[in-house]
Every structure is written in structure tokens, then in C-alpha cells.
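Novice: sequence isn't available, so here's the structure alone:
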């Protein structure tokens, strides 16, 4: 298997299961990609990530280009060897983090000039440079450089950034060239404006890329806006190509996006929430920092015998979180990623059995049962990307 | 097996191998006990600790009595269940941390009154209260409350603290009573004064305790002072009881103390050093923060195929340490504890084969080979206890 291929294996409404195949392995879709920002899925050993069912991880070009440097990673044999993850890796373009983390950034037609948030050094990221860096990392799925506007923004601003992103997509396509076994994905932009989203999708599809992402969502807008944009874009994306919703999301966001035909997701939520004492489980979300857990002898998920949740009481997790113990972050990150991967496996199975709606109903019933500590608010709390 | 027993299985000079047996398991001596201060060996899953060959861990009474509270741990089924470690646990008395961490402490004949370093609340620790708390925790080996003076100190001060500690040992013995399958150890004090150390040992031995610790060392004095105190005390300790050198130490300290007849050790060095970027290996000590490692593709120990060191380059570890990534702490802690346990296994094997001196010579040759990054100073850098 030396080619990059995607095969849809089953559909249920707009939802579908599929398989991405490439030399480094197979990605079963719908897939959740744990985020390994700086070349590590924080607080996890790579073999744990794989054992949970993750077929692919995301790593951040912005972070790696600044530290330890893409040229250094290339000299060390590429990112797979560097982080001891021999399976597929998707890298973003660096653009999103330039917008959210870097200082003194300046965008023009050429690309974006910015100062590192680590040491203030000046860097330039162009579409060509982003492809070069992702190539040095050895990434299997490389993302185009785009400009992601903050929502809400004016229609004019969204249109300008979308058109710039389309021109950058074409430059990335040329820079990427032909790389058997690897893929470059384009990114649909257009803010919260359906017309612009459709135009962006059509422009990218005309470039015949290997996959299409929907970007610029999960940046603070209400969930219904996000879902409306997916619904607007989906009919314009080819059925035979994978679709990736960037930076999403909560379990509820994922379920709704899968229902609308999305195949791939990444989000820092399970890992970041785990480091901050929040658990995502079949029975809803728990804040382990809450004093209500101080004397609770039950494990996180009383019905699970799996390692991350079994053997440790909520009282112990509460103690670890309150004491800022690393093991608390390790256990909750592990447990959250386990839940996310279990959810994806459940969604895949349900689509295979053409009972996605029923399955989603059961999932919601579970969440509703578990609001033990008063967390009655919806799960859709947006958390910014790494 | 419902009794606490100790059997010496072999001797080589003053050194010996042995087996402590108790209901929760067997401790193969000489043994290194990883430190689980707040009910967790920091950055390690308990099953990893066990898999490395640790038969027993140490936990700190001072920390646990303040947070989450010994009564709470008792209600939750004891410390073993709480921290998911079903094997033997040794707890200290709390006295050492009161001296080193608590604010506004006041020692009198009754005990010690102090303010928590966490919230400033006032607590009293008496010999009886320390035994009560260690009982609530369910500790298998409980340590007497003692007063540990800082070195150097006047002979008068060392003598006063030693005599107080002897009186407290007697009160602890009575408070502990008869607990089949569990043990209370006394602690030899006396500063750096041989006469006082001998008197302390004789006083404790007269109480016929189940084991004897040597305390108040590894608190900043030169290694030769520590070794001289061990040599002074050892002839006065019964051969048929385990001997525990508290808070020690570097690999070199351990080797020298084993040679002089010590059976048990605990130290935060491998775990704390691991969290701060320092690796202990067969080939000496490495500071992974050092820029010399930034491009080094070799693993920590090129001759080892074991999981903690295999698969990750020094360059990657350098990157993780520089980026303050949790995985760096996890990998280096794991690797350091693996090295410590391997060293203990090597010492036990060498004693069994009556070739301890040769083995120690080989170990030193290994350390000498590995001073790759200019760490030519001796390994005996004292690190204060948790």
C-alpha cells in the first residue's frame, strides 16, 4: 500500500464510515485525532494513545517549527521517529496558532510574518514554507496555510480571508506536488456566511485535493452556527474524499458533525480538560476538583472495567487534582481520550448497522444520567485550540 | 503468611540479602522504596512501579494527614486501596517533614505543634498521634516519631534530640502494641556523634522492635560522615532484623551503605531528578536540559532494550524537558526508577554470588564511562527529602 486512498464503507443518512489507507497505517473514520502539539500527546505515552484506538495524531507546525525546529526533526529522522509514533500524523499549517499565539503578526498576500511567543524571534510563514516545514516533519497529511478569522467578523473580512486562503491553497497544492502515500488537504473558510463557505468549497474542489477540511469553526460561535456551516458545505464536497472538521470538539459537537457527514476531528478538549481536572465519561462530565467528590469511593465510570477508570476512586482523583499531582493529569487525560475513542468506535459501529440516530439517542441518555455534580449546562463549551 | 518476618538469605562481608514477609507481600532486600509522598509516586502509574521490581513504596504521613486527611483515607478503605497499590507500604512518622516544611513548629516532651504549609492550620503530632494516623492509613511498616536535627549541630543538641527520640520510641512501641503482620521500626539518631549513635541503637534494641532505621543522615553532611555513622551503628543492630537508611540516596550512597549492611532505602532523588530533567543510568548521570543533547539521536541507555529508555532519543527528551512537557517527567522518572531497581537487583544478585566488591567495581566503571556531558563531579549531591 503505497498510495493514499479513502474508501467509504457504509452510509447512514449523511453520515458515513470509511477507511483512509496510507503507508503508515489505516485511519478508521469517523476518527478522532488526539492533539500532540509539541510532538507529544500531553501526559500520555504513545503506546497508550494507540492502544485506545487512535489511528492518527495531530501535531502543530507552529510549535514544532519554533521548538525544536523542523530542520532538527528532519535530521533526527522525522517526526514519527522523534515522537516514537510510527502511525499516521496530520500536521496543521501553523496558520491558526500564528493567529492565536504569536505576537506582532502581519498578514499579506505573500504569507504571514510573526514573532515567536517563546523568544520573540521573527519568522515568516508562506504557503510554500508551510509545505516545506510539514515535509521536513514527514507529516502524512499536510494542511494548506489559511487565514482563519475570529467570529463574529464582518462579511467583507470573512470574504477577504476566504479568497486569500483559496489563493494560498493553490500555492500549497503546487508546492506539495505529487507525493505518493501522502496527502495535502484544503481548508474551507468563509466565516459564518453560507455563500462564502460554498464558494470556498467549490474553489477547493476544483483543485482536486485529497481531502477537505472545514476550518474557522469552534472558535466561539454557537453550535448551531457551526452545524449550519457544515450543512451548507457538505453537499459541495465530493463523497469520495475525507472531510475533516478542524478543532472540534465536545462529544456533542462530534456526534452532530458525524451525523452531518464529517469523517475526521481533532481537539485539545479531552487532553486539556484532563489536565484541568475535568472528566468526560459515558455518564456526562465531572469536575473532579469539586468538593462533592472528596469522599466518593466510586470509580469515574462504575460500569467500566477498563484500566484508566478502574482501580481509582473519584475521591483519589479529587485528591490528585487538588494536590496538582501529575498522576491526576495522566489518569484523566487517559480516561478522556479513552472515552473519545470509545465514542468514535460506537459511532462507526452504529453507522455500520444503520442505527446512528438510535445510538446517538442512547449516548445522550447516558450523558443525562451522569450530571451528578450539577453540571446541567450543555457540553458545548468551546475551548480554543492548542 | 499472617506474621511480619525477616530472613537473611545470604551474607557477603557486612552486606546481606534477605526477605521481609508480610500479608501484603514480600520485600526482597536490599530494597529501594520509591517515594509516594502524597499517595502517588509522582508521574508514575502504580503498575509501572511494581513492574520495575519495587516491592514496597514509602508514603509521607505529614502530607497525607494534611491532605486529604488520614480519617478520610481510612473511610475510603485505607491507603493501599486509595492509591491502588495493594503491596507493602512504609510510612514515615511525619516528624521529618514537620521539621523541614511546616511553619512555626514547637517541639516539647509531648510532641510537636506546627502549622500546615498548605493552609496554616495548627496540628499536633505526638508519638501516639503519629501511630494512630499511620494506623488509619493502614501502613504495613510504621515509623516511630523522632526529632531529626540538622547537621552540623552541637553535640549537646544532638544528644538532647536523640534522648527525646528514644523516649518517643518507647511511647510509639506502646501505642503500636501488637499488630500481627505489621511492624513498627525505631530510628537511630545522634547526629554525627558516634557515641550518641551507639547509645541510640542500644536503647532501641532493648525495646525489641521489628526493625531499625538510621535517621538524620543525608541531610547535607559529607558522604564519609554518613558512612562512618553506619559503621558505628551496624555492630549494635541485631543481624536478624531489617535495617533501613532513611532518605538515602544517590546510587553511590546506596552501594556504599549496602556494603555496610543496610537493607532498605528510600529517596526522592530518582523521581525528583526525573522531573527536573536529570537521568541516572548505568553510564552515569545526564542533564537532559543541556544543549549538548539537542541533536543526539541515541537513547538514554544505548545498551538497553527496556521500555523507558528505548524508542526515545536524547534529543527528544531534551525537547520535552525544555518544553516542560509532562511526558519528559514521565519518561525520566520511569527510567530513573528502573535504573535504581536494576541496581538493587544487581546488588542482591552479587551478594547471593558473594561477589559484591567486584560488582561494585563494575558499576563504578559504568558510571565513569558515561560522563558524556562533563558531569565529572561525584554523584553524591544531597537532595533533601520530599
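Specialist: Arrived safely, thanks for sending. Not measured: the values here are computed from a predicted model.

Novice: phi, psi of the closest residue to residue A:196 other than its chain neighbours?
Specialist: Nearest residue to residue A:196, sequence neighbours excluded (Cβ to Cβ, 6 or more residues apart in numbering or on different chains): residue A:190, at 3.1 Å. To be clear about C-beta, it is placed using only N, CA and C from the backbone, and glycine gets the same treatment. With angles defined as degrees, to the nearest 10, residue A:190 sits at phi 130, psi 10.

Novice: so residue A:190 touches residue A:217, yeah?
Specialist: No - under the criterion of Cβ atoms under 8 Å, residue A:190 is not in contact with residue A:217, lying 10.1 Å apart.

Novice: now the common contact residues for those two.
Specialist: Counting by Cβ atoms under 8 Å, 6 or more residues apart in numbering or on different chains, the contacts common to residue A:190 and residue A:217 are residue A:229.

Novice: any idea how far the residue nearest to residue A:196 lies from chain B?
Specialist: Residue A:190 sits 35 Å away from chain B, taking Cβ to the nearest Cβ, to the nearest Å as the criterion.

Novice: pLDDT wise, what is that residue at?
Specialist: Residue A:190 carries a pLDDT value of 97.

Novice: spit out the contact partners of it.
Specialist: Neighbours of residue A:190 in contact, by Cβ under 8 Å, 6+ apart: A:158, A:159, A:162, A:196, A:197, A:198, A:199, A:200, A:216, A:229.

Novice: redo those residues as a markdown table? Include pLDDT, neighbour count and secondary structure.
Specialist: As requested, the contacts of residue A:190 are exported to a markdown table (pLDDT from 0 to 100; neighbours: other Cβ atoms under 10 Å in any protein chain shown; DSSP: H, G, I helix; E, B strand; the rest coil):
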| residue | pLDDT | neighbour count | secondary structure |
| --- | --- | --- | --- |
| A:158 | 96 | 23 | helix |
| A:159 | 97 | 19 | helix |
| A:162 | 98 | 24 | helix |
| A:196 | 98 | 21 | helix |
| A:197 | 98 | 26 | helix |
| A:198 | 98 | 17 | helix |
| A:199 | 98 | 19 | helix |
| A:200 | 98 | 32 | helix |
| A:216 | 94 | 31 | coil |
| A:229 | 97 | 25 | helix |
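
Novice: and the helices in chain A?
Specialist: Along chain A, counting by DSSP state H, helices occupy A:46-51, A:61-66, A:70-75, A:79-82, A:95-101, A:127-137, A:155-176, A:194-205, A:223-233, A:251-259, A:269-275, A:314-322, A:326-352, A:356-369.

Novice: weakest of those helices in terms of mean pLDDT?
Specialist: Taking the mean pLDDT of the helices of chain A, helix A:95-101 comes last: a mean of 87.

Novice: run the chain-centre distance for that one.
Specialist: In terms of Cα atoms, centre = their mean, to the nearest Å, the centre of helix A:95-101 is found 15 Å from the chain centre.

Novice: likewise stretch A:232-244?
Specialist: Distance of stretch A:232-244 from the chain centroid (Cα atoms, centre = their mean) equals 17 Å.
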